[in-house]
Structure formats: C-alpha cells, structure tokens
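> give me a model of this one.
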Amino acid sequence: LTFEIDIADFCSRFQLEPLKTLNGLKFLERDEYLTLSESVFLPSRLKIAVSPEEIYHFQIEHAVYDPFIKTLLRSYGGLYEQYAPIRESDIAKRTGMPYMQAIETLKKLEAMEIVSYLPQTDKPQIQFTRPRVDSIHLHIDVNYMKERQQIMTGQVNAVIRYAEVKQCRSRQLLAYFDEQQVEACGICDVCLEDKRKEKQDEISAAIIVEVRTLLMGEVRLTLDELVSALQSGNEKERLVVIRTLLDAGTIKSDGMYYYI
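Take a look at the predicted model:
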C-alpha cells in the first residue's frame with residue numbers, strides 16, 4: 001500500500017510537530033514497517049480498476065466516455081495489471097479535448113470507480129512493507145533511539161560551543177573532526193577580534209607613554225590641549241586612556257588642568 005503524505009497538513013490535523021513526525025517516520029522506516037520517499041517527483045499514473053468485461057459494459061452504458069477509454073487503452077499497455085505513467089497533455093491531444101477537460105474526465109472516471117488516477121506529485125510517499133499492527137505489537141528499537149539522541153545532543157552542543165567559545169572557528173571545526181594541531185586561521189571573527197584587541201592594546205600603551213611624557217615635571221595641560229598634543233590613536237581612544245589613568249590615580253586633575 002502506497003500513498004502520499006503532506007507532512008504539514010498531517011501534523012496540523014493531528015496537532016503534531018512536523019520535525020518529530022518526520023523523525024518518527026524515519027524510525028519506523030529503519031524498523032522496516034514502511035519506506036519513506038521524501039519529495040520525489042512522480043509522474044501521473046493510471047490503472048483500470050475493473051475487469052475487461054466490466055469496462056466493456058461501462059462503455060456501452062456510457063457511450064460519452066467510450067472514445068476516451070479507447071484512447072487510454074490504445075495509448076498505454078498493462079492498465080489492467082498495474083499503474084502506468086501517463087501524460088495528461090498527450091491524452092488531451094489524442095482525444096481532441098482541452099487539457100483541463102481531459103483531467104476532469106479522468107477524475108470523473110475515478111469517482112465512478114472505473115479507473116484509479118494518481119496525478120503527478122512531488123510530495124513524500126509512504127509505502128507500507130508489513131501488515132498493519134497495533135501499538136501493543138509495534139516493536140521499536142529503543143536502544144537505537146537512545147543512541148541517536150546522544151549523537152544528536154552531542155551535535156547540538158558542538159554547534160552551541162562553536163557559537164559561544166571565543167576560539168578560532170577553523171580550529172574548532174577541525175578539532176570536531178579530531179584534527180588538533182592546527183594554527184589559527186587569522187581571518188575568522190574571533191581571530192580578527194583578537195588582532196583588533198592586540199592593536200588596541202598597542203595603541204593604548206603608546207598613548208600612556210605619550211601622556212606621561214607630556215605631563216612630566218610641572219607641566220599642566222587642559223583636556224583639549226592634552227588630547228590635541230597626543231599623536232597615537234583617535235580622539236575617542238585618547239579620552240578613554242586619559243579617563244583610565246585618571247581613575248587609577250596615575251594622573252590628576254583640578255577640574256581645569258591635568259598633571260602628574
């Protein structure tokens with residue numbers, strides 16, 4: 001038994017979570033209760049649902065469908081035994097019908113249980129490979145489920161660590177695959193941030209030296225004079241360093257002038 005399944009519609013109807021539903025189907029597939037074909041394109045298929053004798057009587061009683069059914073039988077072999085792939089456009093061309101009218105005729109024949117018509121689809125397909133069993137006799141490999149849960153938990157934790165740990169991204173990725181002796185890449189966000197901090201530390205150190213040099217002896221400068229006299233860094237970086245030195249007591253201020 002094979003049928004299509006719209007995961008979103010199925011979950012909405014029974015108030016299920018799509019991801020859990022899909023994973024549940026995969027577990028059933030592993031235990032060989034069914035096979036799941038995800039998003040596989042299947043052409044339209046057709047099968048005669050009655051015997052040759054019954055189709056003959058139907059054609060006599062419903063003469064309006066006679067040319068259409070004859071076209072089907074002449075165009076596709078084996079319709080009584082199995083589903084055959086069809087093309088509605090070819091059927092419309094051979095019968096002289098508009099495309100949509102040919103499809104509607106197929107649907108009407110299906111409604112009258114003369115044919116089984118499966119339109120083309122790219123929805124997932126489920127095929128049951130065992131007779132249906134109730135929940136009491138449904139055996140699921142619990143150990144395998146626990147093993148998969150541990151693996152998935154480890155993978156999720158690895159992704160979280162990758163995002164949160166301030167370590168070279170390339171090193172983290174390669175370490176995940178057991179490659180430990182690797183140099184920092186120098187181009188990821190963590191490496192670039194480290195370089196920026198190193199450069200910032202160098203700039204701050206240079207500003208500190210300059211401030212001490214400018215304020216040596218009895219020199220007293222206003223904030224504007226001190227900032228303008230500094231050569232290293234930008235104005236914001238100079239003000240941050242001056243504030244830090246002031247908080248640490250390395251330099252002093254009377255509200256107007258700065259001095260040591």
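> how about the helices in the stretch 51-200 of the chain?
52-61, 66-75, 88-95, 99-111, 142-164, 169-176, 189-214 (DSSP state H, counting those that start in this stretch).
> Throw these into CSV and include mean pLDDT and distance to Lys123, thanks.
Any C-beta I mention is one placed from the backbone N, CA and C, and that applies to glycine too. Shown next, in CSV, are these (pLDDT from 0 to 100; distance: least, C-beta to C-beta, whole Å):
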stretch, mean pLDDT, distance to Lys123
helix 52-61, 94, 30
helix 66-75, 95, 25
helix 88-95, 94, 18
helix 99-111, 95, 18
helix 142-164, 89, 26
helix 169-176, 90, 35
helix 189-214, 90, 41
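> turn those helices into CSV, columns for mean neighbour count and distance to Ser228.
Shown next, in CSV, are the helices of the stretch 51-200 of the chain (neighbours: other C-beta atoms under 10 Å; distance: least, C-beta to C-beta, whole Å):
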stretch, mean neighbour count, distance to Ser228
helix 52-61, 13, 100
helix 66-75, 16, 91
helix 88-95, 16, 81
helix 99-111, 16, 81
helix 142-164, 11, 42
helix 169-176, 17, 41
helix 189-214, 14, 10
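> distance of Ala63 from Ile69?
10 Å (C-beta to C-beta, to the nearest Å).
> about what we covered before: mind checking which of the helices of the stretch 51-200 of the chain is nearest Thr21?
helix 142-164 (15.1 Å; C-beta to C-beta).
> and the contacts of that closest one?
27, 30, 169, 172-173, 176 (C-beta atoms under 8 Å, 6 or more residues apart in numbering).
> how far does that helix sit from its chain's centre?
Mean C-alpha position of helix 142-164 versus that of the full chain (C-alpha atoms, centre = their mean, to the nearest Å) differs by 17 Å.
> rewinding a little: nearest to Leu245, out of the helices of the stretch 51-200 of the chain?
Nearest of those (C-beta to C-beta): helix 189-214, 6.2 Å.
> give the other helices and strands that that closest one contacts.
helix 169-176, helix 223-229, helix 235-248 (3 or more C-beta pairs under 8 Å, 6 or more residues apart in numbering; DSSP states H and E).
> okay if I get those as a markdown table plus distance to Lys195?
Formatted as a markdown table, the helices and strands packed on helix 189-214 follow (distance: least, C-beta to C-beta, whole Å):
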| stretch | distance to Lys195 |
| --- | --- |
| helix 169-176 | 14 |
| helix 223-229 | 26 |
| helix 235-248 | 16 |
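> most tightly surrounded among those helices?
Highest mean neighbour count of the helices and strands packed on helix 189-214: helix 169-176, a mean of 17 (counted as mean count of other C-beta atoms under 10 Å).
> for it, packing partners?
So helix 169-176, by 3+ C-beta pairs under 8 Å, 6+ apart, packs with helix 142-164, helix 189-214.
> now those helices as JSON lines including distance to Phe128?
Shown next, in JSON lines, are the helices and strands packed on helix 169-176 (distance: least, C-beta to C-beta, whole Å):
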{"stretch": "helix 142-164", "distance to Phe128": "21"}
{"stretch": "helix 189-214", "distance to Phe128": "50"}
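> mind checking how far the residue positioned nearest the centre of the chain is from Ile140?
The residue lying closest to the centre of the chain (C-alpha atoms, centre = their mean) is Leu19, at 11.2 Å. As for Leu19, its distance to Ile140 is 18 Å (criterion: C-beta to C-beta).
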